[in-house]
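Novice: The sequence and its predicted three-dimensional model are supplied below.
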Amino acid sequence: MKSELEVLTEARDLIADPAHWTQGWFARDMFGGSVDARSPSAACFCTLGAFGRALGRHFMDVTGHPAVERLRSLLPRQDIARFNDTHSHADVIAAFDHAIDAVRQEMAQ
């Protein structure tokens, strides 16, 4: 099982390039069509889709994982999908970075 840090890092890495991030759907193929985040044809992801891909789960089955809950706890209204769809790519990456830093600080103690 992947650690909280591994999942946060992997999900962040999936969307680090703005070309691989999307809004309005969980994952899209290279033509912009919606696909399951676990699909080999998935080319870009929203935050929940990235978590789904990192965990090998459907995006609806990621709730409750410590990495997902960590990020959720740092967001306004604690709503990951809404945050993804109403904020910039830079904002989403900054939220991931904040969550990753928090985990690393806990691990260092």
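Specialist: Great, that's in hand. This structure is a prediction, so every number in the text was calculated from the model and none was measured.
Novice: quick one: the residue nearest in space to the middle of the chain from Gln109, how far?
Specialist: Nearest residue to the geometric centre of the chain (C-alpha atoms, centre = their mean): Thr47, 3.1 Å. Going from Thr47 to Gln109 by C-beta to C-beta, to the nearest Å gives 27 Å. Backbone N, C-alpha and C define where each C-beta goes, glycine included.
Novice: tell me the contacts of Thr9?
Specialist: By C-beta atoms under 8 Å, 6 or more residues apart in numbering, the contact set of Thr9 is Ile100.
Novice: before we move on, which element is it in?
Specialist: Element membership of Thr9, judged by DSSP states H and E, is helix 4-15.
Novice: Alpha carbons only: can I get whichever helix in the chain runs longest in CSV?
Specialist: For the chain, the longest helix by residue count, based on DSSP state H, is helix 89-108. Coordinates of each C-alpha in helix 89-108 appear next as CSV, following Å, rounded to 0.1, in the frame of the first residue of the first chain:
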residue,chain,number,x,y,z
HIS,A,89,-3.5,25.2,-12.0
ALA,A,90,-1.0,27.1,-9.9
ASP,A,91,-3.5,27.1,-7.0
VAL,A,92,-4.0,23.4,-7.2
ILE,A,93,-0.3,22.7,-7.4
ALA,A,94,0.2,25.0,-4.4
ALA,A,95,-2.4,23.1,-2.4
PHE,A,96,-0.6,19.8,-3.2
ASP,A,97,2.7,21.3,-2.2
HIS,A,98,1.2,22.5,1.1
ALA,A,99,-0.1,19.0,1.8
ILE,A,100,3.2,17.4,0.9
ASP,A,101,5.1,19.8,3.1
ALA,A,102,2.7,19.1,6.1
VAL,A,103,3.3,15.3,5.7
ARG,A,104,7.1,15.8,5.5
GLN,A,105,7.1,18.0,8.6
GLU,A,106,5.1,15.4,10.6
MET,A,107,7.5,12.7,9.4
ALA,A,108,10.5,14.7,10.6
